[in-house]
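Student: got a sequence here, can you build the structure:
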Amino acid sequence: MNKNNKEKSFKLFIKGSNDYIIFIVVMVLLAIGIIMVLSASAPTSLSESGSSYKYVNRQALAAGAGLVAMFILSTVNYKIYRKLKWVIYIVLIGLLIAVGFMGMGAGGAKRWINIAGFNFQPSEIAKLGFIIFFAAILSDVKENNKIKNIWYGCIMHLVLLLPIIGSIFVLQNHFSATVIICVVTVIQMFIAGTRITHFLITGIAAVPMLLMYIVYRQVNNTAGTDLDFRSTRIQTWLDPFSDPSGDGWQIINSLYAIGSGGLFGVGLRRK
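Tutor: Now for the predicted structure:
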């Protein structure tokens with residue numbers, strides 16, 4: 001095969017029905033991730049189980065399951081998700097509520113569910129699910145030429161749909177997920193064509209609700225119920241050596257790692 005034919009074949013490969021660039025990037029990142037897990041976990045795994053591959057085997061299993069799920073989902077017409085948007089929304093809300101009843105807590109937050117020995121965070125599924133949901137809703141609104149309408153283009157999302165999700169995340173002390181969902185939803189709305197003035201009007205109207213929430217948190221903290229463990233994380237980040245064997249342990253060891261190998265590390269080692 002001559003050079004021109006090779007270039008033509010490569011272009012056909014890149015411009016095929018599947019997005020091969022994303023696929024290749026995902027596979028490279030997946031491989032690097034598994035290698036890093038092996039490098040970082042081998043000593044602990046060896047001391048705990050007598051094998052250096054306890055944690056990397058678990059990671060490889062999860063990666064394999066993820067690849068199978070990825071290939072299955074790649075065969076599904078994305079328009080089906082649009083038709084099932086309300087089913088997706090209700091199922092995800094149900095999963096997040098279930099965390100409150102059957103979830104497991106750790107580090108001041110209750111976010112995990114155990115099913116048949118497998119732990120997972122419904123919030124991680126919810127992040128992707130809500131992106132699909134809001135994309136479908138905004139597509140419908142835009143197709144009906146209502147995206148410039150303040151109710152359908154802005155208030156319905158920021159005042160009606162999004163607060164339900166945010167409230168559940170707040171109850172789980174999952175502040176990061178709340179921020180991610182809110183920011184991504186606003187970006188989706190902006191891309192769909194929501195007016196900036198509508199964002200401003202809705203934001204000003206929400207100020208009283210925000211003040212009420214701040215007062216609520218202050219009252220609870222004053223009463224001795226500290227709901228905000230994030231401040232402890234920030235304080236530990238500023239001074240990790242104040243609690244070297246507790247919250248500061250991971251940060252301190254990260255500093256040791258950088259000190260030993262610099263920003264690019266010392267390379268892979270067989271331990």
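Student: which strands and helices sit next to the longest helix belonging to the chain?
Tutor: In the chain, with assignment by DSSP state H, the single longest helix is helix 20-49. The elements that helix 20-49 packs onto, with contact taken as 3 or more Cβ pairs under 8 Å, 6 or more residues apart in numbering; DSSP states H and E, are helix 3-14, helix 54-74. Bear in mind the C-beta positions are built from the backbone N, C-alpha and C, glycine included.
Student: state the mean pLDDT of that helix.
Tutor: For helix 20-49, mean pLDDT is 87.
Student: what does stretch 81-90 give?
Tutor: 91.
Student: returning to that earlier point: what residues of the longest helix of the chain count as buried?
Tutor: For helix 20-49, the neighbour count (16 or more other Cβ atoms under 10 Å) marks Leu30, Val37, Leu38, Ser39, Ser41, Ala42, Ser45 as buried.
Student: with stretch 238-253 instead?
Tutor: Neighbour-count burial for stretch 238-253, with 16+ other Cβ under 10 Å as criterion, is recorded at Pro240, Asp247, Gly248, Ile251.
Student: sort out for me which of these are in helices.
Tutor: Judged by DSSP H, helices contain the following of those: Ile251.
Student: what's the helix or strand hosting Phe130 packed up against?
Tutor: Here Phe130, judged by DSSP states H and E, is contained in helix 122-143. Applying 3+ Cβ pairs under 8 Å, 6+ apart, one finds that helix 122-143 contacts helix 79-83, helix 85-102, strand 109-115, helix 162-171, helix 175-192.
Student: hey, least reliable of the ones you listed by pLDDT?
Tutor: Among these, strand 109-115 scores lowest, at a mean of 71.
Student: mind checking the SS state of the spatially closest residue to Gly193 that is not a sequence neighbour?
Tutor: Leaving out its chain neighbours, the residue that sits closest to Gly193 by Cβ to Cβ, 6 or more residues apart in numbering is Ile147, at 4.5 Å. Three-state call for Ile147 (DSSP: H, G, I helix; E, B strand; the rest coil): coil.
Student: OK, contacts around Leu255?
Tutor: Pro240 (Cβ atoms under 8 Å, 6 or more residues apart in numbering).
Student: that one and Ser41: what is the separation?
Tutor: Between Leu255 and Ser41 the computed distance is 20 Å (Cβ to Cβ, to the nearest Å).
Student: got it, and Met27?
Tutor: Distance, Met27 to Ser41, by Cβ to Cβ: 21 Å.
Student: and if you look at Ala63?
Tutor: 14 Å.
Student: how about the contacts made by Ala98?
Tutor: Applying Cβ under 8 Å, 6+ apart, we find Ala98 in contact with Ile113, Pro122.
Student: next one: it from Phe120, what distance?
Tutor: 12 Å.
Student: quick one on the thing from earlier: can you list the helices and strands packed on helix 122-143 in a markdown table and add distance to Ser139?
Tutor: As requested, those are exported to a markdown table (distance: least, Cβ to Cβ, whole Å):
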| stretch | distance to Ser139 |
| --- | --- |
| helix 79-83 | 7 |
| helix 85-102 | 9 |
| strand 109-115 | 30 |
| helix 162-171 | 17 |
| helix 175-192 | 8 |
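Student: go through those and name the closest to Ile137.
Tutor: helix 85-102 (6.4 Å; Cβ to Cβ).
Student: what domains does the record give for this structure?
Tutor: Annotated domains of the chain cover 1-75, 78-228, 236-271 [automatic domain parsing].
Student: now the first one: how far from the chain's centre is it?
Tutor: Average the C-alpha atoms of domain 1-75, do the same for its chain, and the two points are 19 Å apart (Cα atoms, centre = their mean, to the nearest Å).
Student: cool, the last one as well?
Tutor: For domain 236-271, the gap between its own C-alpha mean and the chain's C-alpha mean amounts to 24 Å (Cα atoms, centre = their mean).
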